[in-house]
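> okay, sequence plus prediction incoming.
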There are 2 protein chains.
Amino acid sequence: MTGVLDGVRVLDFSRIFAGPDSAQMLGDLGADVIKIEKPDGGDECRRLGVTSEELDKLGGPSPSFRSFNRNKRSLTIDLSTAEGVDIAKQLIADADVIINNFRPGTMERWGLGYEDMKPANPGLVYCDFHAYGPVGPMAHIGANDLALQAHSGLMSITGEEGGLPARAGSAIVDLHASLAIVSAVLAALLNKEKTGKGQRVDTSLLLSSAHLMSYFYQDYWLTGSIHRRMGTANHLSVPNQAFPTVDGFVVIIAPSDEMWQRCATALDPKRLDIEKFKTGSERLRLRTDLVHEISETTKTMEKNVIHKLLSDVKVNVSIVNNIDEAAQDAQLEAVGGVYSFEKDGNSRNYVAMPFRLHDTPGQMRLNYPELGEHTDEILSENGYSAKDIAELRKRGTIGQ
Amino acid sequence: MTGVLDGVRVLDFSRIFAGPDSAQMLGDLGADVIKIEKPDGGDECRRLGVTSEELDKLGGPSPSFRSFNRNKRSLTIDLSTAEGVDIAKQLIADADVIINNFRPGTMERWGLGYEDMKPANPGLVYCDFHAYGPVGPMAHIGANDLALQAHSGLMSITGEEGGLPARAGSAIVDLHASLAIVSAVLAALLNKEKTGKGQRVDTSLLLSSAHLMSYFYQDYWLTGSIHRRMGTANHLSVPNQAFPTVDGFVVIIAPSDEMWQRCATALDPKRLDIEKFKTGSERLRLRTDLVHEISETTKTMEKNVIHKLLSDVKVNVSIVNNIDEAAQDAQLEAVGGVYSFEKDGNSRNYVAMPFRLHDTPGQMRLNYPELGEHTDEILSENGYSAKDIAELRKRGTIGQ
């Protein structure tokens, strides 16, 4: 089957999470993605969060690197050399999309900024990805996912009520920014298809975090409300949080009076289906009381029993899964959320891209690349002779 | 300035957060978005999380509704009537994109499923958005953001170490799914521009949550690691978490030995720039000790002082902002992250879309619609006479 981005060439200069993950999705859609890495170790993500002993045991890069780098070819270039920059320039002149997450001004310093490259390639879609954006008082401050969870206010509303701030346990701002890059690039490619013209696009951890926080900012702007952390609960309705069971936790969400009625009847009518809890506003007012009563019921039951009981009567319910339970979810496989890919006789799982196109589906064609694995292949496709390549290698421009 | 989606018509049948937010972004990009609501109260989000007294005081819909419904026109149709379904069919036959988040099978029951509509409109991009997806053992279970934070394992790694599970304080799975819808629709529109053909696309809270958790699943699949909650900290490096100050919290992230050296020197060389903390693996091993020593230093200092000190020496640092501080961020304004829009002489702020296209930028053209505000206008554009409209109104098909 063909992909939407068949024939589209993407140069991915980015490292760590957001940029590489976005380029991977463009690869899933069919693009030829060239990952440009420094010869000395490449993307730091190859070693992120694992000791050298663990790396040896894995026989390859870190779990994170494997998550974010399928469907790419790796080319090593030393961009601190003029010769390395020349290779990059030549590649950019022929590319459809480039993505980079260097600090503002870095690509320009190399002569690889958008204005430098546009004359040679007016159809180019050029994507900058920064922490706080390309301009403004904080443009030059370094940051990562955690910093933006803090800066955006997300951390102030995450954690136990009255307790310490907590982070959302995954790099959600990074991975949200990844989808923002994909959206920006696809929108610009659509515009290019209509007009023939490329353009510059950008996003940042800041813009992405603000999108995730938008309705809290709106509430503050309108009413002055400054929400705080509430554990697993929510200011919007009761019950709408996790409850203890004999063998773990379940979340139960029943915002409407009708759903609450079904919930109360299914769980423990004598205790819960009583007059004072009948209306949503009373359930909000009697939050502590109601949460206590529901907990008294749920803590005597098994989580699977509660899940079946409530889902059967169409009450929103979920088990609080641990990572192993979530990773082995049959539903995720059933909806095409897992790619299974064979390498060296081993079949490995990878989380699929987060949306499906029924006629032009995303696909996993290539495993993560070894550092510089495709350097010769890519240079030779771009007119470099075997002799050129040998000389570039001798001088260290493309690594050893 | 023109938008990428000028001339594209989107029918938004969705409610609450993810679907409406995605349609809003398509509107930001220039699309004519028609929000189709039930005559009786419309999108429940209009009243979500606010009492009727608060609604009266606001003089309009809830903060959440305002966050997710700019750049749309509202059309009320009662889809439980054959006549209402006929209006929808006629609109779909002329539309470029439709988005819906009804339970699997609902649109089909009305005769509005993809296979029903494709013959009349082969160029249609038809987007289904579900909780767990259209197929599989959990397809028919209801869920919301919180349920998927639980199901995906995110809740199991969010919260205090050794404490209770917590939710990421914002509806991050919902809003991530919103960007997945935008990406899917843009990819399909790009394919349509190339081939003339539309297609069915879909995503779900499940696929979106799995994307946010991908590297944890990968780690489990490869090594069997089941990560757990660590407050604001991270298993990847130390320091990489929040620390107390005299007047709040800061996060400090210094993964490399060089950055740690600069951090230690700037904060308190005598206490921190010492032999045993020099290497990353020792900092990981001595986590408790090092976190204690850094905290002893930071808790005597003001957060702004630490922020300046560390950002000056290029250490990743951020203040843990509350909602009011984050919503008033000068950097967010500087990068175009806030739309300011005037209505009835009042200028109001709205969080902008999370990516920027420099030549065809997103724009706010319309405020949130009143329920059914554009019903007559849209029907008359589509060939209904004033008499037709009056009759539809009399019969309640388009509300009163």
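Yep, that arrived. Residues are numbered from 1 along each chain as shown, chains lettered A, B, ... in the order given.

> quick one: low-confidence residue ranges for the stretch 151-300 of chain A.
By pLDDT under 70, the stretch 151-300 of chain A has no low-scoring segment.

> domains of chain A: list them as residue ranges, please.
A:9-212+A:356-394, A:240-320 (automatic domain parsing).

> deepest of these, which one?
Mean neighbour count (mean count of other CB atoms under 10 Å in any protein chain shown) peaks for domain A:9-212+A:356-394 among those, with a mean of 21. C-beta: built from backbone N, CA, C; applies to glycine.

> gap between the two ends of it?
For domain A:9-212+A:356-394, the first-to-last residue distance is 28 Å (CA to CA, to the nearest Å).

> pull the longest helix from chain A.
The longest helix of chain A (DSSP state H) is helix A:172-195.

> for A:Asn349, pull up the helix or strand it's in.
Per DSSP states H and E: A:Asn349 is located in strand A:346-351.

> pull the residues that contact the next helix-or-strand element following that strand.
Moving toward the C-terminus from strand A:346-351, the next helix or strand (DSSP H and E) is strand A:356-357. Here strand A:356-357 makes contact (CB atoms under 8 Å, 6 or more residues apart in numbering or on different chains) with A:4, A:29, A:335-336, A:362, B:184, B:187-188, B:191, B:199, B:201-203, B:207.

> again, 7 Å this time
A:Val4, A:Gly336, B:Ala184, B:Ala187, B:Ala188, B:Gln199, B:Val201, B:Asp202, B:Thr203 (CB atoms under 7 Å, 6 or more residues apart in numbering or on different chains).

> ok, it: who's next to it in the sheet?
Applying DSSP bridges, strand A:356-357 is found paired with strand B:199-204 (antiparallel).

> could you give the angle of the partner strand to helix B:172-195?
170 degrees (axes from the mean of the first three to the mean of the last three CA atoms, to 10 degrees).

> what segments of the stretch 151-300 of chain A are helices?
For the stretch 151-300 of chain A, the helices defined by DSSP state H, counting those that start in this stretch cover A:172-195, A:205-212, A:214-223, A:257-267, A:269-272, A:280-285, A:287-298.

> just put the ones you listed in TSV and tack on distance to A:Gly153.
Shown next, in TSV, are the helices of the stretch 151-300 of chain A (distance: least, CB to CB, whole Å):
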stretch	distance to A:Gly153
helix A:172-195	12
helix A:205-212	9
helix A:214-223	7
helix A:257-267	30
helix A:269-272	35
helix A:280-285	23
helix A:287-298	23
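
> picking up where we left off before, from the contacts of strand A:356-357, pick the one nearest B:Thr223.
Nearest to B:Thr223 out of the contacts of strand A:356-357 is A:Gly336 (CB to CB; 24.8 Å).

> and that closest one, how many neighbours?
17 (other CB atoms under 10 Å in any protein chain shown).

> ok so it is a helix residue?
No. Counting by DSSP: H, G, I helix; E, B strand; the rest coil, A:Gly336 falls outside a helix, being coil.

> let's verify the residue lying closest to A:Asp6 once chain neighbours are set aside: helix, strand, or coil?
Counting by CB to CB, 6 or more residues apart in numbering or on different chains, A:Asp6 lies nearest to A:Gly30, which is 4.2 Å off, once chain neighbours are set aside. Per three-state DSSP, the secondary structure class of A:Gly30 is coil.

> wait, doesn't A:Gly30 sit right on A:Val10?
No. Using CB atoms under 7 Å, A:Gly30 is not in contact with A:Val10; the gap is 10.4 Å.

> ok, back up a step: output the domains of chain A as TSV; include the columns distance to B:Ser318.
Shown next, in TSV, are those (distance: least, CB to CB, whole Å):
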stretch	distance to B:Ser318
domain A:9-212+A:356-394	4
domain A:240-320	28
